[in-house]
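Asker: Provide a 3D model corresponding to the input given below.
(2 chains)
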Amino acid sequence: MRFRPGKYLPLLPVWAAYLAMFLVGKYMPGMWELVAMLAFYCALGQAFNVFLGMTGYVDFGYVAFLGVGTYGMALGITRFAHVDGIGFGIIVIGLVLAVVMATLLSLAVGAVALRLRGAYFAIATIGVNEGFRYLIEGARIWNGSEGMIFMGELNDVFGRQVASVLSTFWADVFVLVIAALAALVTLIYMRSKIGYALTALREDEDAAKVMGINVTKFKIIAFITSASLAGLLGAAAWALKTPYVFPPEVFEIHYTVEAIIIVLLGGAGTLIGPIVGGLIYGISKYYLAIILPGFQLLIFAPIIIVIIVMFPEGVVGMVKDKIRGTALDKYIL
Amino acid sequence: MFLEQLIGNLLQGLVLGAIYGMATMGLSLIFGVLKVVNVGHGAFIMVGAFIALWMFNALGIIPILAIPVALVVGLGLGFIFYYSAIRKLLSGPELASLLATFSMGVLLEEVIKLIFGSEFRGYNWPVGKIDLGVTVLPMTKLYACVGSILVAVLLYIWFRKTRAGSAMRSVVEDSAGARVCGVNVGGVYALSFALGIGLTVVSGVLLTMFIPVGINPYMGGGYTLKAFVIAVLGGLASPYGAFFGGVVFGLLENGSYTLFALIPNVEPFALTRFFSFVMLLVILLIRPTGLLRTK
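Answerer: Next up is the predicted model:
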């Protein structure tokens, strides 16, 4: 396949936005906290979009992959902290574990759930995070409901100073990198056979099947990709940033809700949608938390209903209609 | 000793199962007629629980009398949600209606949290108990069980004997055919959605009569999962299938709890919740049409 850079132009505004977020956070005093939160929401949307946006299937158990990723990093740090000479290697081990565990869980869930269509798929996934949480708590796996705290291990390995910078700065930078990576993966998929197959199956699964597309294969590809990105995100944004993990916190369905809101708000199946959605959602949540603490969901729930009923294409969908045919068109996808 | 405990738990499971079954009929009714999965199901159960709680604690009205109130509130909520959102989403992709019902659930949870706060509450309605030897059954649980069976029977009669009931059954069979025969399909959709929500809110009242504690805005999540397992057991589209699915589930849940409690060093309650999730996946995989269906 010949490499044609023109195909990848829509990546420019996306990566530029992430770079801008980094610069704003780094050089404008007091902004880092907000940028870190926005980065998390953008990355969450970007990773979730790979599956929800491209296939049109709703995975209500998405947060389970973030939770498993968090456990992957936690296990990497706690099990390897006492081995000499690894140093920063434990972070790498943690990331690898996070991806591997999220991939394994997505294979197990996908093998069952992806045989099912539409409503049945949603029903099968809604219990994934609860099921996994109760398995960990019930069978006392990885300390069960007591969870794991590994601040001490991080301090032992890196020293207090470095460990603190790791959790307050590098973890967030890493989240931005994951978001950029997820965007790249999305575009590569969109511009390849995978994207065309997924578009066909999203529009009409039976027709796609009749045309000879192996729909199950492409659904599984999208599902695993999305899940392993979620695993990475959990490892960076949760395990590294706040060095502890408790089952009720990491398997909290509200994160799935947030991911759905972000993707829909921006525009499902578009490349730049998750950033737009993540920024709008994150900024409004940040200020709502100041004005009306504790009641963000009360405001967001009706907003989702309104979006679904009135603007099913999201913000990007509307903007794209406006700029069709202009010079901007090839930068927005 | 163990056998006695198992039989006692199974009896409790049978009583609870009838209530579970009733609590799932609304979900199956809505899916059967509109092909919409109410992902916010548990939140409507929670609303019923709060109606029972509030009427008992604030007004001193016994939960049995809360049932008609719950039905009216449920029908009202159903019609409001149907005409404001669901109606416009029926022709769209499945994603739209799934997300809409999900958001409705979240909205209800947040509204109830705004009014009542998020702490765990409960009420105490002392009306005596029966000692069955192997287990003690409070009268409230028995009332709830009888009430559930009564609702199921009434619904059955309503489906068979009334015009609206027949119209609903005809839409389930073939909505285009029903339209040709002069059935107001849009009206049937609205009524089925409202009735489904009404039944679900009523079941919330009945559930608190079995478990009168732990009432809080987020109690519905667990019931949503259970209702899905039950609905799938019964074939997802059939309210009666759901009722029997509920009985089977109540027995399985309490039976498995008793068995998990034998394993040392585990938390049996959490494992039971995990078990219901595994059951959901297994049934979806081997028998997506439900255990009762032969086709």
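Asker: and the stretch 51-200 of chain B, which residues reach chain A?
Answerer: B:84-85, B:88-89, B:92-96, B:98-100, B:102-104, B:106-107, B:109-111, B:113-114 (C-beta under 8 Å from any C-beta of the partner chain). For every residue, glycine as well, the C-beta is placed using N, CA and C.
Asker: Buried members of these into ChimeraX, please.
Answerer: Of these, the buried ones can be selected in ChimeraX as follows, counting by 16 or more other C-beta atoms under 10 Å in any protein chain shown:
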select /B:85,88,89,93,94,95,96,98,99,100,102,103,104,106,107,109,110,111,113
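Asker: Of the residues of the stretch 51-200 of chain B next to chain A, which belong to helices?
Answerer: B:88-89, B:94-96, B:98-100, B:102-104, B:106-107, B:109-111, B:113-114 (DSSP state H).
Asker: who touches residue A:37 in this structure?
Answerer: Residues near residue A:37 by C-beta atoms under 8 Å, 6 or more residues apart in numbering or on different chains: A:282, A:285-286.
Asker: Now tabulate those in CSV and tack on neighbour count, secondary structure and pLDDT.
Answerer: Output for these, formatted as CSV (neighbours: other C-beta atoms under 10 Å in any protein chain shown; DSSP: H, G, I helix; E, B strand; the rest coil; pLDDT from 0 to 100):
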residue, neighbour count, secondary structure, pLDDT
A:282, 23, helix, 90
A:285, 18, helix, 85
A:286, 15, helix, 85
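Asker: out of those residues, who's nearest residue B:10?
Answerer: Among these, residue A:285 lies closest to residue B:10 (C-beta to C-beta), at 47.2 Å.
Asker: dump the residue contacts of the closest one.
Answerer: So residue A:285 contacts A:37, A:296, A:300 (C-beta under 8 Å, 6+ apart).
Asker: Once you drop chain neighbours, what's closest to the last one?
Answerer: The spatially closest residue to residue A:300, leaving aside those adjacent along the chain, is residue A:261, at 5.9 Å (C-beta to C-beta, 6 or more residues apart in numbering or on different chains).
Asker: how much space is there between the one you found and residue B:143?
Answerer: Distance, residue A:261 to residue B:143, using C-beta to C-beta, to the nearest Å: 41 Å.
Asker: swap in residue B:253?
Answerer: Taken as C-beta to C-beta, the spacing of residue B:253 relative to residue B:143 amounts to 21 Å.
Asker: Could you do residue A:151 as well?
Answerer: Using C-beta to C-beta, residue A:151 is found at 52 Å from residue B:143.
Asker: which parts of the stretch 1-150 of chain A sit against chain B?
Answerer: For the stretch 1-150 of chain A, the contact set with chain B under C-beta under 8 Å from any C-beta comprises A:52, A:56-58, A:60, A:112-113, A:115-116, A:118-120, A:122-124, A:126-128, A:130-131, A:134-135, A:137-140, A:144-145.
Asker: Which of these fall within helices?
Answerer: Short answer: the residues of the stretch 1-150 of chain A next to chain B in helices (DSSP H) are A:52, A:112-113, A:118-120, A:122-124, A:126, A:128, A:130-131, A:134-135, A:137-138.
Asker: Please identify the buried residues of the helix or strand containing residue A:158?
Answerer: Applying DSSP states H and E as the criterion places residue A:158 in helix A:151-165. Using 16+ other C-beta under 10 Å as the test for burial, helix A:151-165 gives A:153-155, A:157-158, A:163.
Asker: Over to stretch B:2-22?
Answerer: Residues of stretch B:2-22 classed as buried: B:8-13, B:15-22 (neighbour count, 16+ other C-beta under 10 Å).
Asker: Then stretch B:174-189?
Answerer: B:175, B:178, B:183, B:185, B:188-189.
Asker: a markdown table please, covering the buried residues of helix A:151-165 and showing distance to residue B:80 and pLDDT.
Answerer: Listed next are those as a markdown table, based on distance: C-beta to C-beta, whole Å; pLDDT from 0 to 100:
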| residue | distance to residue B:80 | pLDDT |
| --- | --- | --- |
| A:153 | 53 | 84 |
| A:154 | 51 | 84 |
| A:155 | 55 | 85 |
| A:157 | 57 | 83 |
| A:158 | 56 | 83 |
| A:163 | 53 | 85 |
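Asker: Dump the residues you listed to CSV, plus distance to chain B.
Answerer: CSV is the format used below for these (distance: C-beta to the nearest C-beta, whole Å):
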residue, distance to chain B
A:153, 25
A:154, 29
A:155, 31
A:157, 31
A:158, 35
A:163, 32
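Asker: Point to the residue nearest the middle of chain A.
Answerer: Centroid-nearest residue in chain A, with C-alpha atoms, centre = their mean: residue A:44, separated by 2.9 Å.
Asker: my guess is residue B:251 meets residue B:11, correct?
Answerer: No - judged on C-beta atoms under 8 Å, residue B:251 makes no contact with residue B:11 at a distance of 9.5 Å.
Asker: which one is residue B:285 nearest to, not counting chain neighbours?
Answerer: residue A:112 (5.4 Å).
Asker: And for stretch B:61-71, what's in contact with it?
Answerer: With C-beta under 8 Å, 6+ apart, stretch B:61-71 has contacts from B:47-48, B:51-52, B:55-56, B:125, B:140, B:143, B:147, B:198-199, B:201-202, B:204-206, B:208-209.
Asker: now the helices for the stretch 151-295 of chain B?
Answerer: Assigned by DSSP state H, counting those that start in this stretch, the stretch 151-295 of chain B shows helices spanning B:163-173, B:175-180, B:185-210, B:220-233, B:239-260, B:268-286.
Asker: Okay, buried residues for the fourth one please.
Answerer: Within helix B:220-233, the residues that qualify as buried by neighbour count (16+ other C-beta under 10 Å) are B:220-233.
Asker: Please name every helix or strand in contact with that helix.
Answerer: helix A:118-126, helix A:128-138, helix B:2-34, helix B:41-54, helix B:94-116, helix B:239-260, helix B:268-286 (3 or more C-beta pairs under 8 Å, 6 or more residues apart in numbering or on different chains; DSSP states H and E).
Asker: Out of these, which is closest to residue A:17?
Answerer: With C-beta to C-beta as the measure, helix B:94-116 is the member of the helices and strands packed on helix B:220-233 nearest residue A:17 (25.6 Å).
Asker: quick one, the closest one and helix A:118-126 angle?
Answerer: Interaxial angle of helix B:94-116 relative to helix A:118-126 (axes from the mean of the first three to the mean of the last three C-alpha atoms, to 10 degrees): 50 degrees.
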